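# no sequence on this one, just coordinates:
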């Protein structure tokens, strides 16, 4: 008898018909004698509707009240899922995050799980029930309702799996698993049977958003092995787990393309301490998320100066250039350039650690395709390049062909 | 500084615009320096939609899960109401029934309030906040979410007013108050400035459903004076309170007509002990609610026998006659008659206790109108008669004219 935590996202529980499908799948596992904990999100669209209602009343509603409001979404789904299981003759009971013992800090709309007291969940499992827990939500020690922010239901599932010492954690979603590349762009993309936490994290940070990074980080920290799989079929998904020796045999696990970045270059920044710090602090204060940062020697004459390039999310470009403009006096740069027509192409794999010449091979491939490289950034298991958006998909296919195969 | 509990029903909070109106009204009281507790229902239509969703999955869903599901309706409203108050610059905070300390028994979908620990509500009021509490819901001592059944939000408001020792409890609804008769039928009907609990209870039981009886009973038990008034205007409503000496000066407080009853007569029931008990037990076991019961000497010949008449809710008539048919052998009655074409006309007033000849005056009035009386039933403060439905409204107007005025 295994203890399995299954998480179903908003699309998987989007209407009564789909909730019935989820119940059928749960029953199948239950009939094999397993103990099942089901974590569900709000039905797709429900959270957005609630946000819309609130913003109709006030454009910037209180975060505490938004938590109170949004927590109803998952509470609705748990009740309906329990009822769907009853309809199949399965003994099931629903629990809010608070009832399931999920204790968080008091940072509303993006609370952190502090601990889980799964006494009640264990008790209900032991009495033969399927336990359905509201994802995305918890409660502070003083009884305030909180939510965990984006991707919060995944986090609930993984944290519960850790607290319950579950044998298996399945994240059901609308994709089949993690692929070597986006199959809509790369015809030869294939589903990965397994992937290391670190690879998953690098892929998430490079635009392949199967899951939010924080859930993967949590899983890594607590050693929770989980499977990303589809709620629409019975195909095995992708197992996400700690790196194993054999994983290093594969040089590159996946290729990702992020089209949502824009590049800003400050030309002729005075080459003295503190300038970069001032710029990036100002951007951070304005909530502009900076991704890649590269600094070169400037080609202009005069006093020692550098060129400073970085990328931001495309929707933040205007805000970022305004911040930069306001620093004109302090930072004393000569000129600002910005480019929205870029793509960030990344290759990720723990195999890079033990294989040399990976970067060279990537650059060579891009050169063969006639693709010019604008920026380069590397980590131990990732190489990212900024290239022209018009050639980005072609470059992605070429790199995938070379490292992973057609 | 007064402590006021205000309750707003589903229509009053039916959309963001109306929620803003509620917030404006609350602010008006707040600006006078009063402490305000607001109790809200689910937005109109929300509860019905949730029930529909559940029944799509299973026709008879579990009551525990229905409570989990329906409790989200009021939770949504409290958050939106708090946000609407924030938008007006009023410090406000929402609380679920559980957070407000409302402890109930474990009878799901019709839980009874066992006690209220208003520590948190008091604390928040003392810190200057308007406190918004979800009506209709509570929590058992073991942390199960419960709902209070029909009229539950009124009950929450009245119970909170009792626990908080509030100075005033206002029940906002879509009518202006309690009237001497239904103004749609009786042109001269007027709004009552005050009414005794017992009169309100008798009126509720005779078809004038401003509020569920249990809320009025609760208010009577704990001496909570409350006002029924409209959320659409600023007119004073009707104060419901303990009977005072001056109330007896008014003979008849109100006239009510219940068109939703049907009459069943068993002709020639053997006149021996236990027969009536058997009949009404069988009806009760089938959840048929019996209202008036009258027994006469039968006019047929043979062994000693009586005629037994009673009324049931019209929709239950078929079920009731089936139960009666199944008792044919046991109860040995001669014949069953049923009549759907009846109305129950009632006059209610604590003044009856000190005024004689009220019944005679009523019967005389009906006689003048040529209305035949089928059944009569009286309590200390009420006289009800069953009459032909076709003449019921005419009779109601005549009785109102005579006792209350044109």
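Thanks, I have the structure now. Since the structure is predicted, the reported quantities are computational estimates derived from the model, not experimental observations.
# switch to C-alpha atoms for all contacts and neighbour counts from now on
OK.
# residues of chain A that sit close to chain B?
Applying CA under 8 Å from any CA of the partner chain, we find that chain A lies next to chain B at A:16-17, A:20, A:53-54, A:56-58, A:61-62, A:65-66, A:68-69, A:72-73, A:75-76, A:79-80, A:82-84, A:86-87, A:93-94, A:99, A:143.
# show me what the helix or strand of chain A with the lowest mean pLDDT is packed up against.
In chain A, no helix or strand scores lower on mean pLDDT, DSSP states H and E than helix A:328-331, which sits at a mean of 82. Here helix A:328-331 touches helix A:275-285, going by 3 or more CA pairs under 8 Å, 6 or more residues apart in numbering or on different chains; DSSP states H and E.
# if you count neighbours, what's buried in the very next helix or strand once past the helix it packs on?
Using DSSP states H and E, the helix or strand that directly follows helix A:275-285 along the chain is strand A:290-297. For strand A:290-297, a neighbour-count test (16 or more other CA atoms under 10 Å in any protein chain shown) marks A:290, A:292, A:293 as buried.
# closest one to chain B out of the residues you listed, please.
Closest approach between these and chain B, by CA to the nearest CA: residue A:290, at 32.8 Å.
# find the nearest non-adjacent residue to that closest one, please.
residue A:312 (4.8 Å; CA to CA, 6 or more residues apart in numbering or on different chains).
# how many residues are close by the one you found?
Residues near residue A:312, counting by other CA atoms under 10 Å in any protein chain shown, number 21.
# ok, it touching residue A:259?
No: using CA atoms under 8 Å, residue A:312 makes no contact with residue A:259, being 11.2 Å away.
# so residue A:386 bridges to which residues?
Residue A:386 has the following beta-bridge partners by DSSP bridges: residue A:344, residue A:375.
# distance-wise, check it relative to residue B:158.
From residue A:386 over to residue B:158 the distance is 66 Å, taken as CA to CA, to the nearest Å.
# between those two, which has more neighbouring residues?
For residue A:386 versus residue B:158, the count of surrounding residues by other CA under 10 Å is larger for residue B:158: 31 against 25.
# contacts for the host helix or strand of that one next, please.
Per DSSP H and E: residue B:158 is located in helix B:152-164. Residues outside helix B:152-164 that contact it (CA atoms under 8 Å, 6 or more residues apart in numbering or on different chains): B:4-7, B:9, B:39-41, B:116-118, B:122, B:134-137, B:167-169, B:171, B:211, B:214-215, B:218-219, B:222-224, B:226.
# quick check: phi and psi at whichever residue of the stretch 201-350 of chain A sits closest to chain B.
Going by CA to the nearest CA, chain B is nearest to residue A:231 of the stretch 201-350 of chain A, at 18.8 Å. Main-chain torsions, residue A:231, degrees, to the nearest 10: phi -90, psi 0.
# now it: closest residue in space, sequence neighbours ignored.
Of all residues beyond its chain neighbours, the one nearest residue A:231 is residue A:172 (5.2 Å), with distances taken as CA to CA, 6+ apart.
# what packs against the one helix or strand the residue nearest to residue A:290 maps to?
Counting by DSSP H and E, the element that carries residue A:312 is strand A:305-313. On a contact count with 3+ CA pairs under 8 Å, 6+ apart, strand A:305-313 meets strand A:261-270, strand A:290-297.
# check for me that the residue nearest to residue A:231 belongs to a strand.
Yes: membership of residue A:172 in a strand is supported by DSSP: H, G, I helix; E, B strand; the rest coil.
# about what we covered before: identify the residues contacting the residue nearest to residue A:290.
By CA under 8 Å, 6+ apart, the contact list for residue A:312 reads A:261, A:262, A:263, A:264, A:288, A:289, A:290, A:291, A:292, A:320.
# so it bridges to which residues?
Taking DSSP bridges as the rule, residue A:312 bridges to residue A:262, residue A:290.
# poorly predicted segments of chain A, please.
A:207-208, A:298-302 (pLDDT under 70).
# regarding it, what is its longest helix?
In chain A, with assignment by DSSP state H, the single longest helix is helix A:63-87.
# list the strands paired with the next helix or strand after it, with their directions.
Proceeding C-terminally, helix A:63-87 gives way to strand A:92-95 as the next helix or strand, assigned by DSSP H and E. Paired strands of strand A:92-95, with direction, are strand A:130-134 (parallel) (DSSP bridges).
# hang on, isn't residue A:241 packed against residue A:228?
No: contact criterion CA under 8 Å: residue A:241 and residue A:228 do not qualify, at 11.1 Å.
# the more surrounded of these two?
More crowded of residue A:241 and residue A:228, by other CA under 10 Å: residue A:228, with 25 against 21.
# distance between the helix or strand harbouring the more buried one and the chain's centre?
Secondary structure from DSSP H and E places residue A:228 in strand A:226-230. Centroid separation between strand A:226-230 and its chain, computed with CA atoms, centre = their mean, to the nearest Å, is 14 Å.
# equivalent analysis for stretch A:351-362, please.
Remark: stretch A:351-362 is offset 26 Å from the chain centroid, using CA atoms, centre = their mean.
# repeat for stretch A:193-201
Distance of stretch A:193-201 from its chain centroid, counting by CA atoms, centre = their mean, is 12 Å.
# what's the span of it, first residue to last?
For stretch A:193-201, the first-to-last residue distance is 16 Å (CA to CA).
# same deal with stretch A:36-44?
Stretch A:36-44 has an end-to-end distance of 23 Å (criterion: CA to CA).
# one more: stretch A:30-38?
Stretch A:30-38 has an end-to-end distance of 11 Å (CA to CA).
# got the phi and psi for the residue nearest in space to the middle of chain A?
Nearest to the geometric centre of chain A sits residue A:212, at 1.9 Å (CA atoms, centre = their mean). Per-residue torsions, residue A:212: phi -70, psi 140 (degrees, to the nearest 10).
# likewise residue A:239?
Dihedral angles (degrees, to the nearest 10) for residue A:239: phi -90, psi 130.
# hey, what's it bridged with?
Beta-bridge pairing of residue A:239 under DSSP bridges involves residue A:194, residue A:227.
# contacts only, for it.
A:193, A:194, A:195, A:225, A:226, A:227, A:228.
# try 6 Å this time
By CA atoms under 6 Å, 6 or more residues apart in numbering or on different chains, residue A:239 lies in contact with A:194, A:226, A:227.
# the last one contacts residue A:170, correct?
Yes: Residue A:227 sits in contact with residue A:170 when judged by CA atoms under 6 Å, with a separation of 4.8 Å.
# quick revisit: would you list the contacts of residue A:312 in TSV and tack on distance to residue A:270?
Below are the contacts of residue A:312 laid out as TSV (distance: CA to CA, whole Å):
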residue	distance to residue A:270
A:261	26
A:262	23
A:263	20
A:264	17
A:288	23
A:289	24
A:290	21
A:291	22
A:292	20
A:320	20
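# of all these, which comes closest to residue B:200?
The nearest member of these to residue B:200, counting by CA to CA, is residue A:288 at 62.3 Å.
# how close does the closest one get to residue B:84?
From residue A:288 to residue B:84 the distance is 30 Å (CA to CA).
# ok, residue A:64 next?
Counting by CA to CA, the gap from residue A:64 to residue B:84 is 14 Å.
# again, but for residue A:43
For residue A:43, the distance to residue B:84 equals 25 Å [CA to CA].
# who has more neighbours, those two?
residue B:84 (27 against 22).
# the more buried one: what's it in contact with?
With the criterion set at CA under 6 Å, 6+ apart, residue B:84 makes contact with A:57, B:20, B:23.
# residue A:260 now?
Contacts for residue A:260 were tallied using CA under 6 Å, 6+ apart; they are A:313, A:314.
# I appreciate the help and will end here.
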